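In: Provided below are the primary sequence and the corresponding predicted coordinates.
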Amino acid sequence: MNSIPALLGIRIKIIHNNDGNLVLYLNLYSWRINLEELQGQLEHITYENEENGYLVAKIKIFGQNELVTAVGNMTFPIVGEILTIQGNWLMHPKFGRQFKVETCRCSVPDNRRGIEKYIGSGLIKGIGPVMAKRIVGIFKEKTLDIIDADIARLATVPGIGKQRIEMIAAAWQQQKEIRSVMIFLQSYGVGSSHATKIFKRYGDKSIEIISANPYRLANDVSGIGFITADKIAKKIGFDENSVLRAEAGLLFTLNQLSNDGHIYCPLNELVATANKLLGVDIGILHTAIQNMETARQVVLEQLLDNDLNPIECVFLSGYHFAEIQVAKMLLSIRDTPKALLKIKKSMDITASIKNVQKQLSIRLASQQIDAIGASLENKILVITGGPGTGKTTITKSILQIYAAVSGRVLLTAPTGRAAKRMAEATEFPAKTIHRLLEFNHMMGGFQKNEDNKLNCDLLVIDEASMVDLLLMYHLLRAVPSGATVIIIGDINQLPSVGAGSVLKDIIRSRQFCVVELKEIFRQAQQSSIVVNAHRIIHGEMPFCTNAERDDCFFLFDDDQERILDKILDMVQRRIPAKFNYDPMMDIQVLSPMNRGNVGTNAINHALQDALNPNGFEIIRGEKRFRVGDRVMQIRNNYDKDVFNGDIGRIIDLDVEDQTIVVQMDGKNVPYDFSEIDEIVLAYATSIHKSQGSEYPAVVIPLVTAHYVMLQRNLLYTAITRGKNLVVVVGSRKALGIAVKNNKTMQRNTWLHMRLDQLGTKKINKAGS
């Protein structure tokens with residue numbers, strides 16, 4: 001009888017209560033009373049969650065031949081370390097016998113094999129497995145003491161010179177200090193993934209700074225937000241009702257809103273949202289907002305709601321300034337005479353249009369002719385329309401006319417892929433906006449600005465729906481007031497990833513000449529991609545005929561496992577076999593969401609194993625990268641001259657130097673292991689990340705589990721990313737939901753009203 005409770009982890013106690021009756025107490029107790037202890041060397045980390053320290057690891061237990069699989073929280077050990085673990089054995093239904101770790105102590109190895117494994121694991125930049133073998137071969141069990149206290153002696157090792165010794169010394173010292181930061185963070189429940197970044201930002205003052213004001217982390221260190229900083233602050237003992245915490249929470253809320261595209265937030269909504277997040281008194285929040293306004297972190301301004309009632313609104317100061325300046329600069333350009341006066345005064349516009357038709361061997365439609373004429377008459381022209389409506393033809397014609405009179409033209413787009421497409425279509429050079437403005441981090445930002453203007457008479461901005469407020473501000477600063485600006489974009493696509501709704505606001509203001517192209521030309525009508533895109537944006541179900549001549553196909557299935565199998569089959573076998581496309585570079589999977597069975601994360605791992613199973617790999621946390629993998633940059637990195645959405649392939653992984661080299665747009669971009677959170681696998685990507693890009697073939701999973709993202713403009717954007725082939729795989733019901741759902745979140749912006757208030761005339765369409 002006693003063995004059963006012990007086995008179940010139950011403690012039984014029978015006592016008499018005050019009434020003299022017997023009472024049975026059952027008390028669950030921890031397995032820790034019967035913990036088994038093992039000791040061995042960490043051979044390999046199979047999986048690591050850097051946020052909470054949970055590991056799946058292979059350990060060589062002393063006295064045993066086979067490796068043991070250990071799972072649990074293990075204080076971020078390093079491959080090669082000696083682990084003393086306590087826990088119990090369990091049988092996993094899929095992975096078999098495992099040791100569930102309850103406690104773990106780490107120590108450095110003291111034998112040659114262990115030391116070699118330890119220092120060659122990637123722990124020390126400058127020492128890989130080969131170099132580790134050489135060093136341990138000379139210094140044997142004293143290796144770690146030599147590196148720690150007498151590192152100059154490494155000069156006796158073949159292949160190690162003065163420069164490498166300096167690298168190893170710096171890396172060894174840095175690792176010791178980073179480890180102390182890791183241990184400090186873990187004591188406050190924060191994972192190790194942030195330790196290296198924190199150390200790079202604050203150096204040996206990391207612990208001192210975090211202890212004094214952990215909320216600095218949210219602003220100073222990428223990847224650490226308010227939630228993490230607040231977790232540390234609470235455990236350190238910061239007062240939850242402090243104004244400092246309220247200010248940090250309000251900034252976090254405003255930044256979250258800007259991530260959703262908003263430029264401002266009504267004051268009452270901001271206070272209510274922050275109150276829900278922080279749980280502090282409303283009065284403290286208002287005091288914090290006053291402090292932030294005094295410090296010029298935010299700006300308060302009275303705007304009008306939909307019923308024309310005044311409401312107090314809060315802007316982050318940078319967005320407030322940028323919005324006002326964008327309005328002023330657009331109107332200034334519009335109202336300044338053309339620098340190239342002969343375009344407007346002495347040119348025979350009708351003759352020029354006839355000449356360009358002859359040069360390009362085309363016949364322009366009446367709406368295209370109106371658009372070209374408008375580009376010669378107006379300083380700012382907006383051209384908007386869907387696929388197949390002739391935007392590219394108009395652009396080429398305008399460029400030819402300007403070039404014929406020696407006009408200086410510049411072409412730009414928000415992304416590298418969009419700029420490349422623009423250059424190929426027009427046969428004029430095009431650059432990304434960042435490269436056009438000559439961004440240089442070392443020299444303080446964009447080198448082209450109000451003091452160093454762009455040298456152009458005509459600036460053409462393509463894929464303008466992707467241009468957010470801050471980027472438009474920096475671009476307009478550098479535009480000569482006499483230049484003509486042509487803004488091209490599709491207002492039915494998804495809005496910019498960054499805050500603002502610039503293209504829509506410019507059109508809504510009715511201050512500029514706008515050409516809206518609606519007619520689909522005969523050649524484009526032969527494409528079911530184009531036809532279906534227009535049907536979708538008008539709320540009509542696409543044609544799902546799957547005829548032999550179609551370039552847009554629909555494969556319906558409701559089972560997500562079968563859908564994933566069909567996607568893999570499409571990418572790996574069927575599309576390459578029929579269309580001769582390279583599955584690694586020509587076929588792009590676009591999913592509405594990142595999570596789920598057919599989200600980008602699951603599809604990326606499945607395609608990585610299917611298309612690149614044998615590449616040399618590294619594992620960092622939940623990320624697994626292999627040589628040959630297709631990857632995407634997910635944030636702007638001005639130092640490396642790579643930007644959000646850039647795609648490339650991994651061409652080298654160097655454990656010794658702790659670098660990954662990615663080939664992007666013809667150049668090799670190195671990443672330190674501490675920077676690899678900037679790249680993700682890109683066999684599949686989100687539809688939002690695909691904006692401005694075009695791929696030979698696109699595969700789109702569509703399931704009802706994606707319900708929150710099933711919107712008309714999202715599906716429209718996905719389908720229009722396919723140049724030659726689109727395959728939608730998923731649920732017919734999900735397709736119907738997406739087509740019917742035309743509810744897009746209205747962004748809080750005031751640019752259209754600023755333009756309306758500052759402008760002096762209304763313009764509805766070309767020629768008016």
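Out: Structure received.

In: Tell me, how many residues neighbour residue 114?
Out: Neighbour count for residue 114, taken as other CB atoms under 10 Å: 20. C-beta here means a position set from N, CA and C on the backbone, and glycine is covered the same way.

In: Look at it and report its pLDDT.
Out: At residue 114, the pLDDT value in this model is 82.

In: any weak-confidence spans in the protein?
Out: 1-33, 49-53, 75-76, 186-193, 196, 341-348, 522-525, 621, 760-768 (pLDDT under 70).

In: for the stretch 1-150 of the chain, what spans make up the strands?
Out: 10-16, 22-28, 36-49, 54-61, 68-73, 82-92, 96-107 (DSSP state E, counting those that start in this stretch).

In: will you turn the ones you listed into CSV that also has mean neighbour count?
Out: What follows is the strands of the stretch 1-150 of the chain, written out as CSV (neighbours: other CB atoms under 10 Å):
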stretch, mean neighbour count
strand 10-16, 10
strand 22-28, 9
strand 36-49, 17
strand 54-61, 20
strand 68-73, 18
strand 82-92, 16
strand 96-107, 16
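
In: dump the residue contacts of the residue positioned nearest the centre of the chain.
Out: Nearest to the geometric centre of the chain sits residue 634, at 3.4 Å (CA atoms, centre = their mean). Neighbour list for residue 634: 644, 678-680, 689 [criterion: CB atoms under 8 Å, 6 or more residues apart in numbering].

In: out of those, what pair is the most spread apart?
Out: Of all pairs drawn from the contacts of residue 634, the greatest distance, 13.6 Å, lies between 678 and 689 (CB to CB).

In: Which strands or helices does the lengthiest helix in the chain pack on?
Out: As assigned by DSSP state H, the longest helix anywhere in the chain is helix 162-187. Identification of packing neighbours for helix 162-187 by 3 or more CB pairs under 8 Å, 6 or more residues apart in numbering; DSSP states H and E yields helix 143-149, helix 195-202, helix 206-212.

In: okay if I get the ones you listed as JSON lines plus distance to residue 326 and mean neighbour count?
Out: Compiled in JSON lines, the helices and strands packed on helix 162-187 are given as follows (distance: least, CB to CB, whole Å; neighbours: other CB atoms under 10 Å):
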{"stretch": "helix 143-149", "distance to residue 326": "55", "mean neighbour count": "16"}
{"stretch": "helix 195-202", "distance to residue 326": "32", "mean neighbour count": "20"}
{"stretch": "helix 206-212", "distance to residue 326": "36", "mean neighbour count": "16"}
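
In: Okay, and residue 311 sits in which element?
Out: strand 310-316 (DSSP states H and E).

In: for residue 494, same thing?
Out: Going by DSSP H and E, residue 494 is not in any helix or strand.

In: so it makes contact with residue 501?
Out: No: under the criterion of CB atoms under 8 Å, residue 494 makes no contact with residue 501, lying 10.9 Å away.

In: out of those two, which sits in the more crowded spot?
Out: Higher neighbour count among residue 494 and residue 501: residue 501, with 24 against 19, using other CB under 10 Å.

In: Against residue 308, how distant is the more buried one?
Out: 20 Å (CB to CB, to the nearest Å).

In: next one: residue 490
Out: 31 Å.

In: So if I had to pick from the two, which one is more boxed in?
Out: Shown here are residue 490 and residue 308; by other CB under 10 Å, residue 490 has more neighbours (25 against 6).

In: residue contacts, that one?
Out: Counted by CB under 8 Å, 6+ apart, residue 490 has contacts 384-387, 465, 720.

In: Hmm, residue 631 is touching residue 680, no?
Out: Yes: using CB under 8 Å, residue 631 is in contact with residue 680, at 6.5 Å.

In: Looking at these two, which is more packed in?
Out: The residue with more neighbours, out of residue 631 and residue 680, is residue 631; 24 against 20, by other CB under 10 Å.

In: out of everything not next to it in sequence, what's closest to that one?
Out: The shortest distance from residue 631 to any non-neighbouring residue, by CB to CB, 6 or more residues apart in numbering, is to residue 679 (4.6 Å).

In: Please enumerate the helices of the stretch 501-650 of the chain.
Out: Applying DSSP state H, counting those that start in this stretch to the stretch 501-650 of the chain gives helices spanning 502-508, 522-525, 528-537, 560-569, 575-579, 600-611.

In: and if you look at the stretch 301-450 of the chain?
Out: With DSSP H, counting those that start in this stretch as the criterion, the stretch 301-450 of the chain has helices spanning 317-335, 341-344, 349-360, 366-377, 391-404, 416-426, 433-436.

In: Nearest to residue 709, out of those?
Out: Minimum separation from residue 709 across the helices of the stretch 301-450 of the chain (CB to CB) falls at helix 416-426, 22.4 Å.

In: so what secondary structure elements neighbour that closest one?
Out: Counting contacts by 3+ CB pairs under 8 Å, 6+ apart, helix 416-426 packs against helix 391-404, strand 409-413, strand 430-432.

In: is it possible to export the ones you listed to JSON lines including mean neighbour count?
Out: Formatted as JSON lines, the helices and strands packed on helix 416-426 follow (neighbours: other CB under 10 Å):
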{"stretch": "helix 391-404", "mean neighbour count": "21"}
{"stretch": "strand 409-413", "mean neighbour count": "23"}
{"stretch": "strand 430-432", "mean neighbour count": "21"}
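
In: Can I get those in a markdown table including distance to residue 711?
Out: Output for the helices and strands packed on helix 416-426, formatted as a markdown table (distance: least, CB to CB, whole Å):
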| stretch | distance to residue 711 |
| --- | --- |
| helix 391-404 | 23 |
| strand 409-413 | 24 |
| strand 430-432 | 27 |
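
In: So which of the ones you listed is nearest residue 738?
Out: Residue 738 lies closest to helix 391-404 among these, at 24.6 Å (CB to CB).

In: My read is that residue 728 contacts residue 546, right?
Out: No: using CB under 8 Å, residue 728 is not in contact with residue 546; the gap is 10.5 Å.

In: Let's verify residue 653: helix, strand, or coil?
Out: Under DSSP: H, G, I helix; E, B strand; the rest coil, the three-state class of residue 653 is strand.

In: What's the local residue count around it?
Out: Residues near residue 653, counting by other CB under 10 Å, number 19.

In: In contact with it, which residues?
Out: 616-618, 625-627, 659-661.

In: distance of residue 411 from residue 486?
Out: For residue 411, the distance to residue 486 - CB to CB - is 10 Å.

In: Can you work out which residues contact both of these two?
Out: 459-460.

In: picking that back up, now for the helices of the stretch 501-650 of the chain, which one comes closest to residue 115?
Out: helix 600-611 (33.4 Å).

In: Please save the CA atoms from the closest one in CSV.
Out: C-alpha atoms of helix 600-611 as CSV (Å, rounded to 0.1, in the frame of the first residue of the first chain):
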residue,chain,number,x,y,z
THR,A,600,5.8,30.2,-43.2
ASN,A,601,7.7,28.7,-40.3
ALA,A,602,6.4,25.1,-40.9
ILE,A,603,6.7,25.4,-44.7
ASN,A,604,10.3,26.7,-44.4
HIS,A,605,11.4,23.8,-42.3
ALA,A,606,9.7,21.3,-44.5
LEU,A,607,11.2,22.8,-47.7
GLN,A,608,14.6,23.2,-46.2
ASP,A,609,14.6,19.4,-45.5
ALA,A,610,13.2,18.7,-48.9
LEU,A,611,15.4,21.0,-51.0
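
In: mind listing what's buried in that helix?
Out: 600-604, 606-608, 611 (16 or more other CB atoms under 10 Å).
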